[in-house]
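Novice: my questions concern the predicted model and sequence given below.
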Amino acid sequence: MRQLVAGDSRVNGVGLSRASGRWSVKVNVVDDADHPDLPTAVDGVPVRVTAVGRISARAS
């Protein structure tokens, strides 16, 4: 999955997520209406795409 989205500015991150007792690959994107075409599953593990907006560093 990481290779599929590498360098795509529409993607903020890729990780694992657990919901309802099942693991999934979670892809965080900037905008739900504009994200790369992704498979619905990878090796049988579902892929979830979640719009989280633009992520930026904040001074503490």
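Specialist: Yep, that arrived.
Novice: show me where the protein has its helices.
Specialist: Here the chain has its helices, by DSSP state H, at 2-5.
Novice: nearest residue to the most centrally placed residue in it other than its sequence neighbours?
Specialist: Closest to where the C-alpha atoms of the chain average out (Cα atoms, centre = their mean) is residue 27, at 0.7 Å. Among residues not flanking residue 27 along the chain, residue 49 sits closest, at 5.0 Å (Cβ to Cβ, 6 or more residues apart in numbering). In short, each C-beta sits where N, CA and C put it, glycine included.
Novice: can you give me the pLDDT of the one you found?
Specialist: pLDDT, residue 49: 94.
Novice: before we move on, the earlier item: who's the residue nearest to the centre of the chain bridged to?
Specialist: residue 14, residue 49 (DSSP bridges).
Novice: show me the contacts for the residue nearest to residue 27.
Specialist: 27, 29, 32, 35, 38 (Cβ atoms under 8 Å, 6 or more residues apart in numbering).
Novice: cool, residue 51 as well?
Specialist: Contacts of residue 51 by Cβ under 8 Å, 6+ apart are 28, 29, 30, 31, 32, 35.
Novice: just send those residues back as CSV, with pLDDT, distance to residue 2 and neighbour count too.
Specialist: Shown next, in CSV, are the contacts of residue 51 (pLDDT from 0 to 100; distance: Cβ to Cβ, whole Å; neighbours: other Cβ atoms under 10 Å):
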residue, pLDDT, distance to residue 2, neighbour count
28, 95, 13, 18
29, 95, 14, 21
30, 95, 17, 17
31, 94, 20, 11
32, 90, 20, 11
35, 89, 15, 18
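Novice: which parts of stretch 32-51 are buried?
Specialist: 35, 38, 47 (16 or more other Cβ atoms under 10 Å).
Novice: my guess is the first one meets residue 10, correct?
Specialist: Yes. With contacts counted by Cβ atoms under 8 Å, residue 35 reaches residue 10, the gap being 5.3 Å.
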